[in-house]
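Q: Let's see this in three dimensions:
(chains A and B)
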2 protein chains.
Amino acid sequence: MELRLTTWQEVAGAIREMAVRGAPAIGVAAAYGMALAAVRSHAGSVEVLREDVARAGAGLAAARPTAVNLPWAVARMTEEAAAAHAGPAALREALRAKAEAIHADEVERCERIGEHGAGLLRAGAQVLTHCNAGALATGGFGTALGVIRAAHRRGPGLHVWVDETRPLLQGARLTAWELRQEDIAATLVTDSTAAWLMAERKVDAIVTGADRIARNGDTANKIGTYGLAVLARAHGLPFYVAAPTSTIDPAIERGRDIPIEHRRPEEVGAGAAAGVGVYNPAFDVTPAEYVSAIVTEHGVHRPPYLFS
Amino acid sequence: MELRLTTWQEVAGAIREMAVRGAPAIGVAAAYGMALAAVRSHAGSVEVLREDVARAGAGLAAARPTAVNLPWAVARMTEEAAAAHAGPAALREALRAKAEAIHADEVERCERIGEHGAGLLRAGAQVLTHCNAGALATGGFGTALGVIRAAHRRGPGLHVWVDETRPLLQGARLTAWELRQEDIAATLVTDSTAAWLMAERKVDAIVTGADRIARNGDTANKIGTYGLAVLARAHGLPFYVAAPTSTIDPAIERGRDIPIEHRRPEEVGAGAAAGVGVYNPAFDVTPAEYVSAIVTEHGVHRPPYLFS
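A: Model prediction:
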């Protein structure tokens, strides 16, 4: 399936409805959305064009609250718009080039994350992952799946346990598909099977992506990640987070300050008895103390985390 | 929906396909299945009738492996068949009466479990439960839901977090419906939201049923239960098991000896990418060290557990 989005509002809608999802990917999409807003604007001056682009940026940044890559990409594009430009046409061209550069950067970051992270997984490792932090989430090589891909290329025998990831089943729909494409051995499980796999000693490491990382290393990611990290600790297993530095929010000191998106009851409620409420947070926060290492494009970071 | 089952083979099929499910309920269903086999048998002697009933018992006992209530009920019916009877008609009648007695006993046990367990939950408690251990699982008042029901009757303000319970969604389909019928406040969550609820201090206690309890208190129950127990420990929360003594298996010393049923991949795999395997254990085993108390019809048992 291919989406053709021709206005920034359509891009924002695709982010909101999760046709585009995954922290790095929605940042890249927002950058293209702002470039699109510039192309579609009829502004005859740089000043008016900047206003149109700023309006698009505000709308795109508001599409989803948790992944910081979204406001991060909007801020990079806004900086570009604020620079000196010869005229509206030059500004439009500069924004298009900037969006492409952000995209290329994210792809390259993921490849470097893979290289740095691969060494964390021994040959033949049994790796559990949650949600989808692959090419479909990042516009490129993947973060958590980038680490898995790179480890798979280094040696044979790697096997991946894929959490189905309720309510939207990104693991079953996306991660399982990506691993299949790469011929990486994978087995799908329900989310609540993960603890039992650990008890049965069928897991060597857990690797996930991230939607926002606080300066102290507290990490927001798909609901269910926190539980996996606590269970990993209880079973003496390492829990790794893989994310580009665009996922680190220097304005957030601790995880408790990360905004958590709550989504529609209908996502969970299919089949539920009428009249019973639904609580549907899309993310949870894993305290840094449960995170064995955070892999970014710069390398493998170990606690204590002191990002800036 | 009402099922009309007219042969023991149909009863066994209903147990296998989980049209009848829940450890106490499948025990009761197996007892009725054996009574039905006696009624349908054309045997002209007590001896031949015993053989027909034994064949039905073996088939029913094999329908599902984990819940011990199934072989327990078959053993009770087999004892009844082995007793002295004046003739085939008297044996048929005795087996019908025995099945009804087993059913009535299980209902009464659940009511007593509720009475004993209600004191574990303070007024206004936030209780999390997994799968369905209610009237729909027990032929009566429920085990875990019996405790919740009884606590609700004692004081107002109780609220229940209902795990949807993948893959078959017994929480979303059955438990949510039962709580709604009783006007008990309830909110549905995905299974992997439970840990985050505990971190947010929105849970005071976890209560589940059981499918088989070893002599040392190790407890087999719906997949996901073990993870909840480990998470409860990590958050300093009590984890309670509610089950009639028909769920205790005196022949099993430790949890590792409990047979775990693995079910069809298709239960999980709906929506999964083709070519990826599925691992679908229906149960896991929670070591007794994680179980704060086991509530039976005899009272509240605390560790160390020494059942016989």
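
Q: drop to CA atoms for contacts and neighbour counts, all remaining ones
A: Fine.

Q: Now do the same contact list for A:Ala35.
A: Applying C-alpha atoms under 8 Å, 6 or more residues apart in numbering or on different chains to A:Ala35 gives the contacts A:Val53, A:Arg92, A:Leu95, A:Arg96, A:Ala99.

Q: 10 Å instead?
A: Contact partners of A:Ala35, counting by C-alpha atoms under 10 Å, 6 or more residues apart in numbering or on different chains, are A:7-8, A:29, A:41, A:53, A:56-57, A:77, A:81, A:91-100.

Q: which sections of the stretch 151-300 of chain A are below the confidence cut-off?
A: Applying pLDDT under 70 to the stretch 151-300 of chain A flags residues A:270-274.

Q: re earlier: filter the contacts of A:Ala35 down to the ones in helices?
A: Among those, the residues falling in helices (DSSP state H) are A:8, A:29, A:53, A:56-57, A:77, A:81, A:91-100.

Q: Buried subset of those residues, written for PyMOL?
A: Per 16 or more other C-alpha atoms under 10 Å in any protein chain shown, the buried members of the ones in helices among the contacts of A:Ala35 correspond to this PyMOL selection:
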select buried, chain A and resi 8+29+53+56+57+77+81+91+92+94+95+96+98+99+100
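
Q: how about the strands in the stretch 51-200 of chain A?
A: Listed in chain order, the strands of the stretch 51-200 of chain A (DSSP state E, counting those that start in this stretch) span residues A:126-129, A:159-163, A:185-189.

Q: quick one: contacts of the last one?
A: Going back to what we said before, that points to strand A:185-189. Strand A:185-189 is contacted by residues A:126-128, A:152, A:156-165, A:171-172, A:175-177, A:179-180, A:197, B:166-167, B:265, B:268-269, B:272-273, B:275-281 when judged by C-alpha under 10 Å, 6+ apart.

Q: just the angle between it and strand A:159-163, please?
A: If you take axes from the mean of the first three to the mean of the last three C-alpha atoms, to 10 degrees, strand A:185-189 sits at 30 degrees to strand A:159-163.

Q: Partner strands of strand A:185-189, with direction?
A: As defined by DSSP bridges, the strand partners of strand A:185-189 come to strand A:159-163 (parallel), strand B:277-278 (parallel).

Q: Please work out which of the ones you listed is packed deepest.
A: Stretch with highest mean neighbour count among the strands paired with strand A:185-189: strand A:159-163 (a mean of 25; mean count of other C-alpha atoms under 10 Å in any protein chain shown).

Q: Helix or strand next in line after it, which one?
A: Downstream of strand A:159-163, the next assigned helix or strand under DSSP states H and E is helix A:170.

Q: hmm, that following helix in reach of chain B?
A: Yes: residues of helix A:170 contacting chain B under C-alpha under 10 Å from any C-alpha of the partner chain: A:Gln170.

Q: Could you list the residues in contact with that helix?
A: A:21-22, A:130-133, A:137, A:162-164, A:176-177, B:271-272.

Q: In helices only, show me these.
A: Among these, the residues falling in helices (DSSP H) are A:Ala137, A:Ala176, A:Trp177.

Q: ok, the second one to A:Ala185 distance?
A: Counting by C-alpha to C-alpha, to the nearest Å, the gap from A:Ala176 to A:Ala185 is 10 Å.

Q: what touches both of those two?
A: With C-alpha under 10 Å, 6+ apart as the test, A:Ala176 and A:Ala185 both reach A:Val160, A:Trp161, B:Gly275, B:Val276, B:Gly277.

Q: that older thread, specify which residue of A:Ala176 and A:Ala185 has the higher count of neighbours.
A: Under the criterion of other C-alpha atoms under 10 Å in any protein chain shown, the comparison of A:Ala176 against A:Ala185 puts A:Ala176 first, with 29 against 19.

Q: Am I right that that one is in contact with A:His159?
A: No: with contact defined as C-alpha atoms under 10 Å, A:Ala176 does not count as touching A:His159 (11.8 Å).

Q: any common contacting residues for these two?
A: Joint contacts of A:Ala176 and A:His159 (C-alpha under 10 Å, 6+ apart) are A:Ile184, A:Ala185, A:Ala186, A:Thr187.

Q: Which positions in the stretch 51-200 of chain A make contact with chain B?
A: Going by C-alpha under 10 Å from any C-alpha, the residues of the stretch 51-200 of chain A near chain B are A:161-162, A:164-167, A:169-181, A:183-200.

Q: and if we set it to 7 Å?
A: Residues of the stretch 51-200 of chain A lying close to chain B (C-alpha under 7 Å from any C-alpha of the partner chain) are A:166-167, A:172-173, A:176-177, A:180, A:186-193, A:195-196.

Q: re the thing from before, can you tell me which of the contacts of helix A:170 are classed as buried?
A: Going by neighbour count (16+ other C-alpha under 10 Å), these have A:21-22, A:130-133, A:137, A:162-164, A:176-177, B:272 buried.

Q: Can I get the residues you listed in CSV including distance to A:Asp105?
A: Shown next, in CSV, are those (distance: C-alpha to C-alpha, whole Å):
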residue, distance to A:Asp105
A:Arg21, 18
A:Gly22, 16
A:His130, 24
A:Cys131, 23
A:Asn132, 20
A:Ala133, 17
A:Ala137, 15
A:Val162, 28
A:Asp163, 29
A:Glu164, 29
A:Ala176, 26
A:Trp177, 25
B:Ala272, 31
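
Q: if I look at A:Val107, how far off is A:Lys98?
A: From A:Val107 to A:Lys98 the distance is 14 Å (C-alpha to C-alpha).

Q: Next: A:Ala62.
A: Counting by C-alpha to C-alpha - A:Ala62 and A:Lys98 are separated by 21 Å.

Q: cool, and A:Leu306?
A: A:Leu306 sits 29 Å away from A:Lys98, taking C-alpha to C-alpha as the criterion.

Q: if I look at A:His85, how far off is chain B?
A: Applying C-alpha to the nearest C-alpha, to the nearest Å, the value for A:His85 to chain B is 48 Å.

Q: Report pLDDT for that residue.
A: With respect to pLDDT, A:His85 scores 96.

Q: Ok, A:Leu136 next?
A: Predicted confidence (pLDDT) for A:Leu136: 85.

Q: ditto for A:Met1
A: 60.

Q: again, but for A:Phe141
A: At A:Phe141, pLDDT is 86.

Q: ok, it - contacts?
A: Residues counted as contacts of A:Phe141 (C-alpha atoms under 7 Å, 6 or more residues apart in numbering or on different chains) are A:Val107, A:Cys110, A:Glu111, A:Gly134, A:Ala135.

Q: what about A:Ile148, distance to B:Val28?
A: A:Ile148 is 49 Å from B:Val28, by C-alpha to C-alpha.
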